[in-house]
Each structure stands twice: as C-alpha cells, then as structure tokens.
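Visitor: 3D, please:
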Amino acid sequence: MLSHCTKRHDHNTIHYNKKTKIYTHRRQNSGKNKTNTVNISKRPNSIPTINTHLDIVFIAQKALNPTPIWNQTGSLTINPASGTAIQSSNFGLTIAGNGSSTISGTIGLGTGTLTTNNGTVTLMTSNSSSGSTTVNSGILNIRNNTSLGTGSVSVLNGATLQLQGGISVANQLTLYGVGNGSLGSLRSMSGDNIYNGNITLSTNTVRINTDANILTINGNISGGSIPLYVGGAGNTIMNGVLSGGGGSITWGTSPTQVAASTSFVKDGGGTVDFVGLNTYTGATVLDDGVLELGANNVIGNSSNVYFIGGRLSTMGYSDNVGTLSLLSDGSTLTLGSVS
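Guide: As a prediction, the model looks like this:
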C-alpha cells in the first residue's frame, strides 16, 4: 500500500495520501508552473473536478474505498508518461460525473473494483486488476483487449459497455437492459470486435447492437426468461449458444396479434449470423434486417418464428423449427444458398 506520497512538481499528478490532500500541477494565468494543493476532508466523498491533463493517480492507505474521481463537466484526461495511470493496493475506484474521462495508461487496482457512473469513461489501454467492473450508468468505452482486467463485468439498466477498435474481450459479462439511449447494453462501435466471455441476461429485456463492421460473440448467452434484441447497422456473428425460455411480448396488430414467450428478436438494418447450436425455446422474431443460418439446426427446435418485417436466409442450411407465422407485410424467407 502507498501510505505516503511525495509531492512532485514535474508532472500533472493527483496524490491521495495520509495528509488527505490533492496535489495538481497546472499552468497558472501568470504563465509560471506552480503546484496547487487542495485540502479536503479526511474521508472525502469525491475528488474535485480537475479539467487538466494528469500524469498518475495513487490511491493510498487513508483514501475512501472505493475512491471516487469526479468529473462533472468537460474533459478529464489521465495520460501518464510512465504507462501507469492509476495504481492502488486492492482499493476500489469509482469514476463519476457527467463529463468525459479518458484514461490512457494502465489501471492497476489489484483486487479492487472499478465502477463508472454517468458521463463517458474511455479506457485506452490495459487494466491489470482482478476485481469486478460495474457500469452503473452512462457509458464505459474500452479500446484494449484487457481494459476490463480479468474480473467479471456487470452493465446495469440504462448503462452501456462499448467496444471499439478491433478488440477481443474475455470477461464474464452480465447485461441488465437495453443500454444508454436504448442503443445496447453491449454496443460494438467500430472495428471487428470479438466477445469471448460468457454472457448472462438479467432483470429486463436486453439489447446488443453492432453499429458498424462486425461483432463476433464466441461466448454462450444464458437468456433465461429475458428476451434478447440484436440490432444495429453492422453484422453480428453468434458462435456461442443462446439458451432460455424468453419473456412474454405481444407481436403484430389485431387481428394478427400474438402474445408469445420470446427469446430472440432481430431488428435494425444489419445481419445476424447464427452459427452456434442454440437451445432456446422462446420465439424467434424477425423485425428488420437479416437473420442468416451459419450451420444446420441453429434455431431452437421448438422455437416459433414470427415475421414482422425482417428476412430469414437459410444460406443453404436446414433447420427444424416450430411454426412460421407472417404477422406483417414486408418479410422475406430466402431458401437455399445465396451467391
């Protein structure tokens, strides 16, 4: 543990130490470099907003656990010269506020947890922590394979985990809702991203969106009683197995209206490719875009398929399903391979 931190005047630094002071190095109006000291309470609720570039944050022995970094407005960047941005000995970290916070160096919290609240937090590089990560609200954008460390990850209702830049992520993941702005609790922004960890759906309807390029999901998805929506303009490849009975949703309009336990919904203009041998038993709903079969028997054998505007393409594979029902105009069923 870091029980004492030495004042440093050569870098932009926050030190959390036994004297419970924050030291920041910034350029004053006079044009001279000075070190500012902010005295705060012994167990503070938050670090004051500092709109500057910081070099390194040490979370030390007397800090509140988890220690909050608060950035209410504007941008906060932690951009270390040494490669380590935030370091603690098993202390947790919370990043909060409505601003945009970017961490461009390694986070090493040991077994400490990472929590993000509101705003947008971007993790540019790796994280060596083994504690869990919770996206309570707002957006957590990651740009590195190990930005989330090795611990489990939870994305709560109204929050979003964004993947960007062609990364491959292995953490166990629990998704609780449709995400920030209803654009996905897991959202692939750009680049060909891969999610290898198993995914559990919880509490509410869950959405996964691929905005552009390709998102490949290699992990299994445990749906339980939760419907899964997959959308966006990009393409999603589901190599893992989707399981569960789904949740009740009413589809279509009177007189062709059906209330059905629903496991999977394809919407948005992109394509979903089923490759894993899915075992879900709820309905498969084609609302928009294309669902392609990537192997034989990838739709749950007892799943009823409802067409309300999307397209099902068998791509030359075969499948056994429950019933096929047309509930709206504009749907397409394409049999055989597509050249």
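
Visitor: what's the host helix or strand of residue 263 packed up against?
Guide: Applying DSSP states H and E as the criterion places residue 263 in strand 258-266. On a contact count with 3 or more Cβ pairs under 8 Å, 6 or more residues apart in numbering; DSSP states H and E, strand 258-266 meets strand 228-231, strand 247-251, strand 283-286. C-betas here are computed from N, CA, C, even on glycine.

Visitor: name the strands paired with the longest one and say parallel or antiparallel.
Guide: Using DSSP bridges, the strands paired with strand 247-251 in its sheet are strand 258-266 (antiparallel).

Visitor: show me what counts as buried in the strand it pairs with.
Guide: For strand 258-266, the neighbour count (16 or more other Cβ atoms under 10 Å) marks 258, 260, 261, 262, 263, 264, 265, 266 as buried.

Visitor: what residue ranges in the stretch 1-150 of the chain score low on pLDDT?
Guide: For the stretch 1-150 of the chain, the stretches with pLDDT under 70 are 1-67.

Visitor: cutoff 80 now
Guide: In the prediction, the stretch 1-150 of the chain carries residues with pLDDT under 80 at positions 1-68, 80-82.

Visitor: before we move on, back to that, mean neighbour count and distance to residue 316 added to the helices and strands packed on strand 258-266, as CSV?
Guide: What follows is the helices and strands packed on strand 258-266, written out as CSV (neighbours: other Cβ atoms under 10 Å; distance: least, Cβ to Cβ, whole Å):
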stretch, mean neighbour count, distance to residue 316
strand 228-231, 24, 22
strand 247-251, 16, 28
strand 283-286, 28, 19
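
Visitor: need these in TSV with mean pLDDT and distance to residue 116, can you?
Guide: Formatted as TSV, the helices and strands packed on strand 258-266 follow (pLDDT from 0 to 100; distance: least, Cβ to Cβ, whole Å):
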stretch	mean pLDDT	distance to residue 116
strand 228-231	98	23
strand 247-251	95	28
strand 283-286	98	32
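
Visitor: turn these into a markdown table, columns for distance to residue 131.
Guide: Below are the helices and strands packed on strand 258-266 laid out as a markdown table (distance: least, Cβ to Cβ, whole Å):
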| stretch | distance to residue 131 |
| --- | --- |
| strand 228-231 | 28 |
| strand 247-251 | 31 |
| strand 283-286 | 38 |
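
Visitor: so which of the ones you listed is nearest residue 141?
Guide: Among the helices and strands packed on strand 258-266, the nearest to residue 141 by Cβ to Cβ is strand 228-231 (18.9 Å).

Visitor: what's in contact with the closest one?
Guide: Identification of contacts with strand 228-231 by Cβ atoms under 8 Å, 6 or more residues apart in numbering yields 178, 184, 201, 205-210, 221, 236, 238, 242, 263-268, 270, 272, 288-289.
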